[in-house]
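K.L.:
next come a sequence and a model predicted from it.
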Amino acid sequence: MAHEKKAELVNSITAANPTTFDQLFLFILFSKEYLMKAERPKNFEEAFFNIAGRIQWVPYDHFFQDLAYPYPSGFPTLKNMGQAPLTYKLGRFPEVPLDSLSFSYYHKAVRERLLIDLKTDASNTADGGWQKDFINVLLQGDDFIHYLFLSVLSRKATAQELQVLNDAIVKRKYQTNREGQAMIVLDYLSRLAELYTFVAVQ
Amino acid sequence: MNRRNFVKWLGVLATTAVLPLDLARPATRAARNLKAALLGEVQYVRPALLPKVIMIFLYGGPSELAGNLKNITEINANSQNKYPANILPATQGNVITPNLFWGGGANGAGGETIESLIASGDMSIYRTIHRIKDDSKAHGPSVFQNLTGGLDMDGPGIGTTLAAILAANQPFGKSVDELLLPFVSFEGDSVIFRTADLTIPLRLKPIALDSGFQNPYQRSANGFVAAQDPVIEALSQQVSGALGEKGRKFIDAFAKRAELDNFIKTNFNSTAVNQNLPQDVDANGAPLVDTSGNPVKIQYPNTNFGNRLKAAVSLAISNPDTYFISLGSAGLGGWDDHSDAISEYTQRMKGLMDALNVAAKHMKLAGRNDIIIQIFGDFGRNVNLNDSLGWDHGNNQNLYTLGGSAIRPGALGKIVGKTQRVGTPFQNRQFTEPTSDSYQCEPFSIASSVYKYFGVQNPEILTGEPPVDETNPPNQRV
């Protein structure tokens, strides 16, 4: 962002005279600049928890401990994603690392710990994932696919996406298997670049 | 690259990585900045053949005795507790090998294997890696300093320094971004890859693999659609591609993920590695077959360490882009033998040598003379057998170095260094040190050697020590 633009934003926030951090963050988070004009990679929290809230995802007991685990691990930890906070409470690097290993873990977290992680045992707190209520909706066929797209990407599926995904569903005989349909669509969505980046609204 | 450009390049790379560390430890900032500046002074000439180096660090500090029983009679005579009679030269039928290694077959410390590896020109042993400078026999400083290759134990690790040098000089014959697994760790996080204030290109950062061939790039099974379903994959690539430059980094990252996933699945899974092991040969070089006439492949010891070494050597052989592998010695156990040392130490040494023996054969049968394996540890140990029947920390240790004859002609098949016992009889602090006419070097020389193999002409400016002299010291082998 250009220096002048940044100064302009700071001035406009200052002009609103915020007196608490809440107000300050509200101005930023609900600003046109942040919501519509940002064009940069999303960090893990921006991608993961936004979607998590929309697809009725719940963490398993130790999810956040595992996520923040600071030592070598096969789990997609923030450290493995290259997005762990710096020591001494100095925040984190401003850039989202997109080297192959860091991004592989980022993708793994979004795909395997969020989008294709179905909570199968409602009463078991050691089992996390999106809850079945998320797909218990009175929608079928293309409408159901649009619903999944809107929940995750905030857009509808294109005609081509509908065709390919419906073909995949039919090929696997999942026409009446809502869980199977959701898994195919959500897995597909986890592979889209737009899931991991803010694109400015034209 | 000249110094000015190098320093500028480092500055671009360093970005904010330096901030928290510098705030945390201002006392060491000057030393690390000095190291970064010294990197700009590195004189680099690309070698005709780039080596591949596998570092095996024996955490805990191994005793030298498996590779050096030269002073054992005097050691035993002055020790608070007696050594087993079968390693004393005066004992008939003792297990000492001709070049004074600790043999004994299945119950020995691998001496026969050391002997044969040296005789075949696959290995050399340096018996006088002697820590004098800023003498430390504590684990922390010794591990950190030996793995950073110098006294600045807060500095970057050997692997990171090497990566920075190579990134600056681009000897790969292709772009750094095209390299596949150039730096690999089989021991997870290690000081040898600590970055300190050197920020290196992401592609040169270590990738952690394990002997179980865990693949961090793999998509786990969904159960409903294949991880690499071609139709779904093609559509996602097409839709992502429509983002154009806005999605370019992600498209590249997805593509690289798939490439690495595919490489590891194809070339670096357990089945592929075992299939690619070469056919074993007998003592005369004749290929071995089983009773059905099928080729008998070489076989690493089926131990944790054996499997790790198999994975490391296989990767070095199969992947032209892999240059530096850190293995550690996990699977063998720790080497901090303060008590009840002999039975455990001998088994550990034997396990190490058995695996190295197969690795040497593996490299030879694969026709590879560009892979160097370096084995050393924190420090040596005292030679007095203390009242817990163990050895406390000492200064003098061995370097076992295998392979890489094309990188260092004439360096293998040697026994270098002569030792003498030092210390008051029947007191604990008895140790060996180099004789006055012996070659000796600091452990940091091992880091210098690694840099030298890769083309650094003046590695002493990075470590404070010249490389291990592999040319001039006399070979003590009989």
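P.N.:
Nice, thanks for sending it over. Since the model is a prediction, treat every value here as computed from it, not as a measurement.

K.L.:
contacts and neighbour counts: CA atoms only from here.
P.N.:
Fine.

K.L.:
residue B:356 in helix, strand or coil?
P.N.:
Of the three states, residue B:356 takes helix under DSSP: H, G, I helix; E, B strand; the rest coil.

K.L.:
how about the nearest residue to it, chain neighbours excluded?
P.N.:
residue B:309 (7.9 Å; C-alpha to C-alpha, 6 or more residues apart in numbering or on different chains).

K.L.:
mind checking which helix or strand the one you found is in?
P.N.:
Element membership for residue B:309, per DSSP states H and E: helix B:304-318.

K.L.:
now do that helix: which elements does it pack against?
P.N.:
On a contact count with 3 or more C-alpha pairs under 8 Å, 6 or more residues apart in numbering or on different chains; DSSP states H and E, helix B:304-318 meets strand B:52-58, helix B:341-365.

K.L.:
elements contacting the last one?
P.N.:
Judged by 3+ C-alpha pairs under 8 Å, 6+ apart, helix B:341-365 is in contact with helix B:111-119, helix B:304-318.

K.L.:
ok now the shortest one, how far from the chain's centre?
P.N.:
Going back to what we said before, that points to helix B:111-119. Distance of helix B:111-119 from the chain centroid (C-alpha atoms, centre = their mean, to the nearest Å) equals 19 Å.

K.L.:
alpha carbons only: can I get it in CSV?
P.N.:
Taking Å, rounded to 0.1, in the frame of the first residue of the first chain, the C-alpha atoms of helix B:111-119 are listed here in CSV:
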residue,chain,number,x,y,z
GLY,B,111,36.4,-52.5,15.4
GLU,B,112,36.6,-55.1,12.7
THR,B,113,34.2,-53.0,10.6
ILE,B,114,36.3,-49.8,11.2
GLU,B,115,39.3,-51.8,10.1
SER,B,116,37.8,-53.1,6.9
LEU,B,117,36.2,-49.7,5.9
ILE,B,118,39.6,-48.1,6.2
ALA,B,119,41.4,-50.9,4.4
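
K.L.:
what's the first helix or strand after that helix?
P.N.:
Downstream of helix B:111-119 (by DSSP H and E), the next one is strand B:123-130.

K.L.:
list of residues touching the helix or strand following that next one?
P.N.:
Reading on from strand B:123-130 to the C-terminus, the next helix or strand found by DSSP H and E is helix B:139-148. Under the criterion C-alpha atoms under 8 Å, 6 or more residues apart in numbering or on different chains, residues B:59-61, B:136, B:151-158, B:191-192, B:377-379, B:443-444, B:447 lie in contact with helix B:139-148.

K.L.:
kindly provide the distance from the residue lying closest to residue B:153 once chain neighbours are set aside to residue B:468.
P.N.:
Among residues not flanking residue B:153 along the chain, residue B:145 sits closest, at 4.7 Å (C-alpha to C-alpha, 6+ apart). Distance, residue B:145 to residue B:468, by C-alpha to C-alpha, to the nearest Å: 17 Å.

K.L.:
more neighbours, the two?
P.N.:
Neighbours per residue, other C-alpha atoms under 10 Å in any protein chain shown: of residue B:145 and residue B:468, the larger number sits with residue B:145, 26 against 23.

K.L.:
now, the contacts of helix B:139-148 that are in strands?
P.N.:
Counted as lying in strands by DSSP state E, out of the contacts of helix B:139-148, are residue B:377.

K.L.:
now, which of the contacts of helix B:139-148 lie within helices?
P.N.:
When DSSP state H is applied, the contacts of helix B:139-148 are split such that B:158, B:444, B:447 fall in helices.

K.L.:
tell me which parts of chain A are close to chain B?
P.N.:
Residues of chain A lying close to chain B (C-alpha under 8 Å from any C-alpha of the partner chain) are A:39-40, A:71-72, A:74, A:86-88, A:90, A:93, A:98-101, A:103-105, A:108, A:112, A:116, A:161, A:164-165, A:180, A:183-184, A:187-189, A:191-194, A:196-197, A:199.

K.L.:
from those residues, which land in helices?
P.N.:
A:100-101, A:103-105, A:108, A:161, A:164-165, A:180, A:183-184, A:187-189.

K.L.:
for residue B:89, state which of these is nearest.
P.N.:
Taking C-alpha to C-alpha as the measure, residue B:89 sits nearest to residue A:101 out of these, at 54.9 Å.

K.L.:
picking up where we left off before, next, the angle from the helix holding residue B:309 to helix B:341-365.
P.N.:
If you take axes from the mean of the first three to the mean of the last three C-alpha atoms, to 10 degrees, helix B:304-318 sits at 20 degrees to helix B:341-365.
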